[in-house]
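Participant: sequence-free structure coming up:
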């Protein structure tokens, strides 16, 4: 990690912080999930750093980036990629970061080489009253996180997620203190509409809904029907935090999709 660069790029109305592994391999842009930060990708980045130039973004409202506001996460990704001078990078995201990644790739189909989506929230739209209740619950959760010490957060994380590797918890805990209480996204577009124009190969990788994964077999099938470029992979013994809960199988599936480099 000591060799990784850190920086920030200007985006409309703010900035995004990032960490970058460098190297001569293809660029791989990683977008994290809600209440995480870019360094929550550390374990995957360490595994792939010799093959890819990995850019781990802090989404707005997270990490060291600008606070949440009236912004488009997909547009933030687009502007960060442009500011960094990346040409047809691989784009990859988890959860809300996966949804933003899909929306970016859909809006800019010629500007990505491959797309990896880890258990995105491909769920029905909710009405304003439901969204308001969800936002209140989220703000309360963030305030609870902020009231806890890092040691308390890590202890809680280990108790709740015994399958995670020890290396997953430090950045996860720090990220909880960095999360903006206003960062809960509200979606106005059905998820189906952000897949149809993507021309690059897409990997939709997910856990089992029995283990709290968001992608059910029905949703996976609908996604494949919407875009023939989509391949879906179910990682066993994992849920929403797919890579954290079964890292070996997750990594093998991602490597197989990305293929040989060089």
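Facilitator: Cool, the structure landed. Only a predicted model underlies this, so the values are computations on that prediction, with no experimental measurement involved.

Participant: As a check, name the ranges of all helices in the stretch 101-250 of the chain.
Facilitator: Secondary structure of the stretch 101-250 of the chain (DSSP state H, counting those that start in this stretch): helices at 128-147, 150-160, 169-178, 217-226, 242-245, 247-258.

Participant: tally of neighbours for residue 43?
Facilitator: 17 (other Cβ atoms under 10 Å). Bear in mind the C-beta positions are built from the backbone N, C-alpha and C, glycine included.

Participant: before we move on, which element is it in?
Facilitator: Using DSSP states H and E, the element containing residue 43 is helix 42-48.

Participant: give me every residue that touches residue 231.
Facilitator: 201, 202, 203, 204, 224, 257 (Cβ atoms under 8 Å, 6 or more residues apart in numbering).

Participant: just residue 261 next, same as before
Facilitator: 25, 26, 51, 52.

Participant: How about residue 38?
Facilitator: Residue 38 touches 17, 18, 19, 30, 32, 56, 57, 58, 63, counting by Cβ under 8 Å, 6+ apart.

Participant: Mean confidence (pLDDT) on stretch 169-186, please.
Facilitator: Mean per-residue pLDDT for stretch 169-186: 97.

Participant: cool, and stretch 244-259?
Facilitator: For stretch 244-259, the per-residue pLDDT averages 97.

Participant: and that stretch, which residues are buried?
Facilitator: Of all the residues in stretch 244-259, those buried under the rule 16 or more other Cβ atoms under 10 Å are 244, 245, 246, 247, 249, 250, 251, 253, 254, 257, 258.

Participant: Around the closest residue to residue 62 other than its chain neighbours, count how many other residues there are.
Facilitator: Closest residue to residue 62 apart from its sequence neighbours, by Cβ to Cβ, 6 or more residues apart in numbering: residue 37 at 5.2 Å. When neighbours are defined as other Cβ under 10 Å, residue 37 has 26 of them.

Participant: thinking residue 37 is in contact with residue 57, fair?
Facilitator: No: if you go by Cβ atoms under 8 Å, residue 37 and residue 57 don't touch, sitting 9.1 Å apart.

Participant: so what's residue 224 up against?
Facilitator: Applying Cβ under 8 Å, 6+ apart to residue 224 gives the contacts 230, 231, 232.

Participant: Could you do residue 29 as well?
Facilitator: Counting by Cβ under 8 Å, 6+ apart, residue 29 has contacts 55, 57, 77, 80, 81, 86, 89, 90, 91, 92.

Participant: For it, which three-state class applies?
Facilitator: Three-state assignment for residue 29 (DSSP: H, G, I helix; E, B strand; the rest coil): strand.

Participant: follow-up on the earlier one: just name the closest of the contacts of residue 224 to residue 142, please.
Facilitator: Nearest to residue 142 among the contacts of residue 224: residue 232, at 31.9 Å, using Cβ to Cβ.

Participant: Would you mind measuring from the closest one to residue 40?
Facilitator: Distance of residue 232 to residue 40, computed by Cβ to Cβ, to the nearest Å: 23 Å.

Participant: Out of these two, name the residue with the larger neighbour count.
Facilitator: Using other Cβ under 10 Å, the more surrounded residue of residue 232 and residue 40 is residue 40, with 29 against 17.

Participant: On the pLDDT front, check that one for me.
Facilitator: 98.

Participant: Is it in contact with residue 168, as I believe?
Facilitator: Yes: the pair residue 40 and residue 168 qualifies as a contact (Cβ under 8 Å) at a distance of 7.5 Å.

Participant: residues in contact with the residue nearest to residue 62?
Facilitator: So residue 37 contacts 58, 62, 63, 64, 171, 174, 175, 178 (Cβ under 8 Å, 6+ apart).
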